[in-house]
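**Q** turn this into a model:
(one chain, ligands or ions: 3)
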Amino acid sequence: MIQFLLNREMREEQDLSPNMTVLNYLRTRVGKTGTKEGCASGDCGACTVVLGEREGEHIRYQTVNACLTFVSALHGKQLITVEDLKSKDGSLHPVQQAMVDFHGSQCGFCTPGFIMSMFALSKNTPSADRHDILEALGGNLCRCTGYRPIVDAALAIAEQPQRADDFSRYEAEILAALDRIQVDTQITLNGNGQVCYSPVSSDELAALLVQHPDARLLAGGTDLALEVTQLYRELPKMIYVGKVADMKQLEEDEHQLVIGAARSLSDSYEALSRVFPDLGELLHRFASLQIRNQGTLGGNIGNASPIGDAPPVLMALNARLVLRKGDTVRDLPIEEYFLGYKLTALEAGEFIEQIIVPKPTANQHFRVYKLSKRLDDDISAVCGAFNLTIEDGTVTGARIGFGGMAAVPKRAAACERALLGQPWNHATVKAAMKALTGDFEPLSDFRASKEYRSKTASNLLYKFFIEQQSLTPETRVTSYV
Ligand SMILES: Cc1cc2nc3c(=O)[nH]c(=O)nc-3n(C[C@H](O)[C@H](O)[C@H](O)COP(=O)(O)OP(=O)(O)OC[C@H]3O[C@@H](n4cnc5c(N)ncnc54)[C@H](O)[C@@H]3O)c2cc1C
Ligand code: FES
Ligand code: FES
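**A** Ligands and ions are numbered 1, 2, ... in the order given. As a prediction, this is how the structure comes out:
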């Protein structure tokens with residue numbers, strides 16, 4: 001049984017397929033059809049809804065793609081859709097009014113999704129700047145209006161003093177209702193012959209997975225749900241990790257960050273980019289805000305995609321995975337996790353519990369570059385992460401990770417060897433670039449040709465070198481937007 005607030009109405013669902021997405025639930029079970037289906041794959045944002053959750057004394061509002069969110073994720077949360085924004089007295093919400101005033105809608109199909117992204121932004125970042133707005137809207141596509149009027153509407157809201165809406169007026173009531181939902185005990189959702197268990201601690205998760213080694217782990221579902229929405233498969237048994245409180249934690253000391261595998265990509269990258277500022281750019285270019293709010297760091301590794309962005313970064317940063325099966329815990333360097341295409345070192349009944357990332361030492365230089373066809377919401381053709389230690393002009397440490405260059409995310413071993421112990425100069429970099437082309441035999445696909453991948457991968461090392469020089473040339477495409 002799951003329990004959640006549909007705006008301010010408490011709902012309980014007993015007999016519901018755990019394979020049902022929030023989008024289908026809204027449209028077919030509740031009759032709320034304001035939330036649209038465009039792609040059913042997380043790419044267009046037409047299905048954007050907002051999930052509210054207690055954070056301290058207030059509610060944290062996060063956009064997610066309803067098409068990729070299974071209903072188990074609703075337990076204990078407030079689900080807000082475009083129908084809920086109008087005030088009780090019938091007046092439009094300020095973000096809706098701004099879209100009208102700035103002519104931000106033509107056919108209107110994308111509009112509910114944009115409205116929900118703008119609503120969450122206006123609640124979380126009332127004085128948003130242009131950058132915040134572009135980031136918040138990066139996961140919403142519009143085919144006819146064009147983005148200028150929409151961005152203008154968002155800018156206008158940010159310039160207005162924040163106005164009370166029904167969400168601020170009823171916040172205390174909503175918080176009290178959320179508090180009445182029992183979120184610290186395990187729940188199970190059954191329906192249509194499928195089951196989804198939602199444990200609340202890693203101990204419970206470990207026990208359940210040993211008992212049901214055939215179950216699929218569900219985190220944000222931004223990869224897994226595609227099996228249902230795109231491949232029309234059935235997932236008869238799932239274990240949802242989104243309620244496992246201790247796997248969402250971040251622990252930090254002077255030596256390392258320990259990130260719970262169920263921590264969202266938004267929150268994980270926020271912590272990582274405080275320590276490794278260059279990760280900030282990757283954070284903004286990783287999928288869309290909706291996906292980053294929903295997807296997890298553990299899911300990005302667990303999915304074992306050769307083009308996932310976190311694995312090459314974590315390899316370069318010498319990260320380790322804490323893997324757990326029942327009460328047995330083992331610690332594995334991340335590069336030993338990927339054995340072949342979508343093949344990992346995980347045993348049946350085992351899961352990723354934590355990711356340990358050592359903090360940088362003196363003279364360590366870290367950079368990451370993502371090459372993709374679009375700036376926002378696009379998968380990498382190549383992702384290269386470089387972590388070099390340079391002492392007195394000599395390379396004393398080199399860890400280089402690449403995605404998109406092989407069947408697995410992989411370190412550039414020959415390139416690292418060509419750098420180690422060498423003076424950090426043009427000749428060394430040129431030799432290391434040559435070595436790098438021997439490290440990989442990339443494939444051609446619709447994202448990039450093998451020649452492009454090979455050439456750009458070694459050029460990224462050159463870019464790193466240029467950025468390390470005292471000159472400050474503009475090397476980042478993000479600086480121009
Ligand atoms: C529109 C769109 C854009 C995207 N853009 C990017 C991008 O730019 N870069 C990128 O890297 N990815 C991208 N992705 C892929 C996806 O969002 C990420 O891989 C995400 O991190 C997956 O996390 P999740 O929590 O949603 O995983 P889920 O879908 O829940 O799970 C993915 C897999 O990992 C397994 N798993 C989950 N948690 C664990 C665990 N703790 N231990 C072991 N196995 C586990 C699951 O069983 C499943 O097999 C995109 C996806 C979409 C739909
Ligand atoms: S329907 Fe396109 S992102 Fe959900
Ligand atoms: S108004 Fe038609 S797709 Fe945006």
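**Q** contact partners for the nearest residue to R180 once chain neighbours are set aside?
**A** Closest residue to R180 apart from its sequence neighbours, by C-beta to C-beta, 6 or more residues apart in numbering: M10 at 7.7 Å. (C-beta placed from N, C-alpha, C; glycine too.) Residues counted as contacts of M10 (C-beta atoms under 8 Å, 6 or more residues apart in numbering) are 3-4, 177, 180.
**Q** quick one: which of those has the most company?
**A** F4 (23 neighbours; other C-beta atoms under 10 Å).
**Q** list the contacts for that residue?
**A** F4 sits next to 10-11, 74-79, 181 when contact means C-beta under 8 Å, 6+ apart.
**Q** how about 7 Å then?
**A** Counting by C-beta atoms under 7 Å, 6 or more residues apart in numbering, F4 touches 11, 74-77, 79.
**Q** residues contacting the residue nearest to it when sequence neighbours are not counted?
**A** The shortest distance from F4 to any non-neighbouring residue, by C-beta to C-beta, 6+ apart, is to L74 (4.2 Å). Applying C-beta under 7 Å, 6+ apart to L74 gives the contacts 2, 4, 22.
**Q** where are the low-confidence patches of this protein?
**A** Residue ranges of the chain with pLDDT under 70: 471-473, 480-481.
**Q** name the element the residue nearest the centre of it belongs to?
**A** Closest residue to the average C-alpha location of the chain: R292 at 2.6 Å, with C-alpha atoms, centre = their mean. In this structure, R292 sits in helix 289-294 according to DSSP states H and E.
**Q** returning to what we had before: any idea which element the residue nearest to R180 lies in?
**A** strand 9-13.
**Q** got the CA positions of that strand in CSV?
**A** In CSV, the C-alpha atoms belonging to strand 9-13 read as follows (Å, rounded to 0.1, in the frame of the first residue of the first chain):
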residue,chain,number,x,y,z
GLU,A,9,-5.9,15.2,-0.8
MET,A,10,-4.7,12.2,1.1
ARG,A,11,-4.7,9.1,-1.2
GLU,A,12,-4.1,5.4,-0.4
GLU,A,13,-3.5,2.9,-3.1
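**Q** okay, whatever residue of the stretch 301-450 of the chain ends up closest to ligand 2 and Q96: tell me how far apart.
**A** Scanning the stretch 301-450 of the chain for proximity to ligand 2 using C-beta to the nearest ligand atom identifies D377 as nearest, at 9.7 Å. Using C-beta to C-beta, to the nearest Å, one obtains 24 Å as the distance from D377 to Q96.
**Q** which among the contacts of L74 gets closest to ligand 1?
**A** V22 (14.0 Å).
**Q** what about that closest one, how many residues nearby?
**A** By other C-beta under 10 Å, 25 other residues sit near V22.
**Q** mind listing the strands for the stretch 351-481 of the chain?
**A** Taking DSSP state E, counting those that start in this stretch as the criterion, the stretch 351-481 of the chain contains strands spanning 364-371, 382-391, 394-403, 410-411.
**Q** now render the ones you listed as TSV, adding distance to R263 and mean neighbour count.
**A** Formatted as TSV, these follow (distance: least, C-beta to C-beta, whole Å; neighbours: other C-beta atoms under 10 Å):
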stretch	distance to R263	mean neighbour count
strand 364-371	19	21
strand 382-391	20	24
strand 394-403	20	22
strand 410-411	25	20
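**Q** looking at those strands, which is closest to ligand 3?
**A** Nearest to ligand 3 among these is strand 364-371 (26.9 Å), distances taken as C-beta to the nearest ligand atom.
**Q** bridging residues for the nearest residue to L282 once chain neighbours are set aside?
**A** Residue nearest to L282 in three dimensions, not counting chain neighbours: V368, with 5.2 Å by C-beta to C-beta, 6+ apart. With DSSP bridges as the criterion, V368 is bridged to A385.
**Q** same question, I80
**A** Taking DSSP bridges as the rule, I80 bridges to V50.
**Q** list the residues that contact the closest residue to A261 other than its chain neighbours.
**A** Distances taken as C-beta to C-beta, 6+ apart place G298 nearest to A261, at 2.7 Å, with adjacent residues excluded. Contacts for G298 (C-beta under 7 Å, 6+ apart) come out as 219, 261-262, 352.
**Q** if we can go back for a sec, quick one: is the helix holding R292 near ligand 2?
**A** No. Against ligand 2, helix 289-294 shows no contacts by C-beta under 6 Å from any ligand atom, the least distance being 7.3 Å.
**Q** what's the following helix or strand after that helix?
**A** helix 297-302.
**Q** which of the residues in the helix or strand just after that following helix are buried?
**A** Moving toward the C-terminus from helix 297-302, the next helix or strand (DSSP H and E) is helix 310-316. For helix 310-316, burial by neighbour count (16 or more other C-beta atoms under 10 Å) applies to 310-316.
**Q** surely I466 meets T475?
**A** Yes. Using C-beta atoms under 7 Å, I466 makes contact with T475 at a distance of 6.3 Å.
**Q** re the thing from before, helix or strand right after the strand holding M10?
**A** helix 22-24.
**Q** in PyMOL, how would I select just the buried ones from the contacts of G298?
**A** Listed next is the PyMOL selection for buried residues among the contacts of G298, using 16+ other C-beta under 10 Å:
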select buried, resi 219+261+262+352
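**Q** go through the contacts of G298 and flag which are in strands.
**A** Residues from the contacts of G298 lying in strands, with DSSP state E as the criterion: I352.
**Q** so which of the contacts of G298 comes closest to ligand 3?
**A** Ranked by distance to ligand 3 (C-beta to the nearest ligand atom), the contacts of G298 are led by A219 at 30.4 Å.
**Q** check the gap between that closest one and M238 for me.
**A** Per C-beta to C-beta, A219 is found 10 Å from M238.
**Q** same deal with D278?
**A** D278 sits 36 Å away from M238, going by C-beta to C-beta.
**Q** the two: which is more packed in?
**A** Counted by other C-beta under 10 Å, D278 and M238 do not tie: M238 has more neighbours, with 23 against 17.
**Q** now do the contacts for that one.
**A** By C-beta under 7 Å, 6+ apart, the contact list for M238 reads 18, 196, 215-216, 218.
**Q** got it, and E336?
**A** A345.
**Q** coming back round to it: now, the contacts of G298 that are in helices?
**A** Per DSSP state H, helices hold no members of the contacts of G298.
**Q** can you put the contacts of G298 in JSON lines and add distance to ligand 1?
**A** What follows is the contacts of G298, written out as JSON lines (distance: C-beta to the nearest ligand atom, whole Å):
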{"residue": "A219", "distance to ligand 1": "3"}
{"residue": "A261", "distance to ligand 1": "4"}
{"residue": "A262", "distance to ligand 1": "6"}
{"residue": "I352", "distance to ligand 1": "4"}
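**Q** between the contacts of G298, which is nearest L137?
**A** Taking C-beta to C-beta as the measure, L137 lies nearest A219 of those, at 25.0 Å.
**Q** from Q162, how far off is that closest one?
**A** With C-beta to C-beta as the criterion, A219 and Q162 are 33 Å apart.
**Q** could you do C383 as well?
**A** 38 Å.
**Q** next: H255.
**A** According to C-beta to C-beta, H255 and Q162 sit 41 Å apart.
**Q** and the two? which has more neighbours close in?
**A** Q162 (13 against 9).
**Q** next up, the contacts around that one.
**A** Taking C-beta under 7 Å, 6+ apart, we find Q162 in contact with P126.
**Q** could you tell me how many residues sit around the residue nearest to F338 when sequence neighbours are not counted?
**A** Distance criterion C-beta to C-beta, 6+ apart; nearest residue to F338, sequence neighbours excluded, is V408 at 3.9 Å. Counted by other C-beta under 10 Å, the residues lying close to V408 total 19.
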